[in-house]
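S.K.: I would like to see how this sequence folds:
(chains A and B)
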Amino acid sequence: MIASKSSPLLQVRNLKVAYGGIQALKGIDIDVAPGELVALIGSNGAGKTTTLKALAGLLPSTGKIHYCGKSLQHYAAHQLIQEGLVLVPEGRGVFARLTVKENLLMGAYCRHDKSSIAQDMQHIYQLFPRLAERQMQLAGTLSGGEQQMMALGRALMSRPKLLMLDEPSMGLAPMMVVKIFETIRNICAQGVSILLVEQNAKLALEVAHRGYVLENGLITLSDSAASLLGSAVVRRAYLGS
Amino acid sequence: MDTLLQQIVNGFVQGSVYAMVALGYTMVYGILGLINFAHGEVVMVGAMVAMSVIHLLIGSGLPPLLVLLISLIISMVVCMALGYGIERIAYRPLRNAPRLAPLITAIGVSMVLQNLAMMFWGREYHAFPSLLPNNSHRLSGAIITEVQILIVLIALGMMGGLLLLMHRTRLGRAMRAVAENPSAAVLMGVNINGVIAITFMLGSALAAVAGIMISANYGIVHYYMGSILGLKAFTAAVLGGIGNMRGAMVGGLLLGLIESLGAGYIGDLSGGFFGSHYQDVFAFFVLISVLIFRPSGLLGERVAERA
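M.R.: Now for the predicted structure:
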């Protein structure tokens, strides 16, 4: 992948985030090209979630974030979804006391074209028939896997250009993880760029085009997903072999 | 039997007013986790503004119903602006402060509003001009006035409208989403500050209407009237389960009934030792009992669930 040479969708340069006196991100560079699936792997506390939160505007950060050729400096967090930059947060962020259908509609909160929203809703229900069965149920009553499907579906309802996923495999049964990752790959194949944060490095690198390894707030390795999977360093540190 | 029915009618009327005010407490609590103790004062301001507008228009020859409608609208607009201002000036700067800070601020705002109202309208009791003919109807032994019928109908209508707004519209969905998970709501593109401001304004509009209702029913307005009313409406919100809108409605009506029945029978029950002026005791007896035996209220969830 020579994606970073064509004009990138997302270009991050020297991104820094500090919590109080602690520097959680010490200046990282990340690129995501249109249509690309990029994995960000690393151990607990390396700064993966911090990176996504900073990109989503939920944390104050310094450095450059260019997206679609624009600087995101003056955007408030709630304005980013309209630009197609969408985060599915760690723990999924479902609205437990809203129904499944209402959760999906929240994804389309910034859209006003009723008929195409309804079409997209049908599309999501085809993608995840389980959600169609349970559309009138409160989201809090869904299983973890169903909630993750709903969170993905809800994000798709906004018609994203760049989808950022934080630990989509967290707390899910192995069968469900396989299904979710298959879906992620399909979403990407339909032209949505994806920045995927995962602790399960093997899974992430198997679906990704490229990957970054984050350690203590710094990018220590970046390469094609295939080479990272084959790299001795990565294998020893993250793949347990 | 006549007493029973009469007390139920009175309780229902009073309870409708409590419910309208309780909604304001519960909506703000649901979204910010804050008890807006200045809310009772908004009710008072609503009543005061309506009274002033009526006095201004009463000699103008406009039909009384129109005067009432105009005063209602002006009072709602003033209260919405007041609610917005309170949130913007007193609470928003403290959004991330420890919880005690906004609570103390709320009490401070309440005192400021009371004193401003006292300076502006004076400390005496004012008669609330009655615009509607005070015809009353007999309801198998109980007496209900047309004003009271109107109070109950308007309250039920507004509460129904509010539930529709919360459950059938995009705005209502956003309000519920923010109440449940603000950071996820931001990711959906919801402007949290906007939703919070609207919540305060909606609650204040209900408060304005409640203020006019209670003044029209008793015919008296006073700068201190919001204080005890606010406390009782807060009790109603806790009784129903604070943060739960249906709870506030049920809690309000129930508290009205408890108070009214209590006041009606306390004399007989205590052999004349306590009189009906002890009716305020019941509200706080209810508050303490709920806090001891069912802190989450009648319709509140026992455990906060978070996925």
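S.K.: And the strands in the chain?
M.R.: No chain specified, so I'll use chain A. Remark: strands assigned in chain A by DSSP state E are A:10-19, A:22-32, A:37-41, A:62-67, A:70-71, A:85-88, A:162-166, A:193-198, A:210-215, A:218-224.
S.K.: looking at chain B here, not the other one
M.R.: Secondary structure of chain B (DSSP E): strands at B:126-127, B:136-139, B:142-145, B:220-221.
S.K.: for chain A, what are the nearby residues on chain B?
M.R.: Residues of chain B lying close to chain A by CB under 8 Å from any CB of the partner chain are B:170, B:173-174, B:176-177, B:180-181, B:183-192, B:305-307. The way it works is simple: take the backbone N, C-alpha and C, and place the C-beta from them, glycine included.
S.K.: where does chain B have low pLDDT?
M.R.: The model of chain B has pLDDT under 70 over residues B:1, B:301-307.
S.K.: In it, which residue sits closest to chain A?
M.R.: Nearest residue of chain B to chain A (CB to the nearest CB) works out as residue B:184 at 3.3 Å.
S.K.: With adjacent residues omitted, what lies nearest to that residue?
M.R.: residue A:93 (3.3 Å; CB to CB, 6 or more residues apart in numbering or on different chains).
S.K.: Now chain A against chain B: closest residue?
M.R.: residue A:93 (3.3 Å).
S.K.: Could you check the pLDDT of that residue?
M.R.: Looking at residue A:93, its pLDDT stands at 93.
S.K.: Tell me the residues on chain A that lie near chain B, please.
M.R.: Counting by CB under 8 Å from any CB, the residues of chain A lying close to chain B are A:56, A:58, A:76-82, A:86-87, A:89, A:91-98, A:102, A:105-107, A:109-110, A:139-140, A:147, A:154, A:158.
S.K.: is it true that residue A:34 touches residue A:11?
M.R.: No: contact criterion CB atoms under 8 Å: residue A:34 and residue A:11 do not qualify, at 12.0 Å.
S.K.: All the helices of chain B, residue numbers only.
M.R.: In chain B, the segments counted as helices under DSSP state H are B:2-32, B:39-57, B:64-86, B:100-121, B:146-168, B:170-180, B:182-187, B:192-218, B:225-240, B:245-269, B:279-293.
S.K.: correct me, but the residue of chain B closest to chain A touches residue A:91?
M.R.: No: the pair residue B:184 and residue A:91 does not pass the contact test of CB under 8 Å, sitting 9.2 Å apart.
S.K.: Which one of these two is surrounded by more residues?
M.R.: More crowded of residue B:184 and residue A:91, by other CB atoms under 10 Å in any protein chain shown: residue B:184, with 23 against 16.
S.K.: Off-centre distance for the longest helix that chain A contains?
M.R.: Scanning chain A for the helix with the most residues, using DSSP H, yields helix A:174-189. Put simply, helix A:174-189 sits 13 Å off its chain's centre (CA atoms, centre = their mean, to the nearest Å).
S.K.: taking the mean pLDDT, what do you get for it?
M.R.: Averaged over helix A:174-189, pLDDT sits at 94.
S.K.: Flag every buried residue along that helix.
M.R.: A:176, A:177, A:179, A:180, A:181, A:183, A:184, A:187, A:188 (16 or more other CB atoms under 10 Å in any protein chain shown).
S.K.: Pick out whichever of those residues sits closest to residue B:73.
M.R.: Distances from residue B:73 to the buried residues of helix A:174-189, taken as CB to CB, are shortest for residue A:187 (50.1 Å).
S.K.: Correct me if wrong: the closest one contacts residue A:163.
M.R.: Yes: applying CB under 8 Å, one finds residue A:187 in contact with residue A:163, separated by 6.8 Å.
S.K.: Now do the same contact list for the nearest residue to residue B:159 once chain neighbours are set aside.
M.R.: Excluding its sequence neighbours, the residue lying closest to residue B:159 (CB to CB, 6+ apart) is residue B:249, at 5.3 Å. Residues near residue B:249 by CB atoms under 8 Å, 6 or more residues apart in numbering or on different chains: B:19, B:22, B:23, B:159, B:240.
S.K.: Many thanks, I have nothing further to ask.
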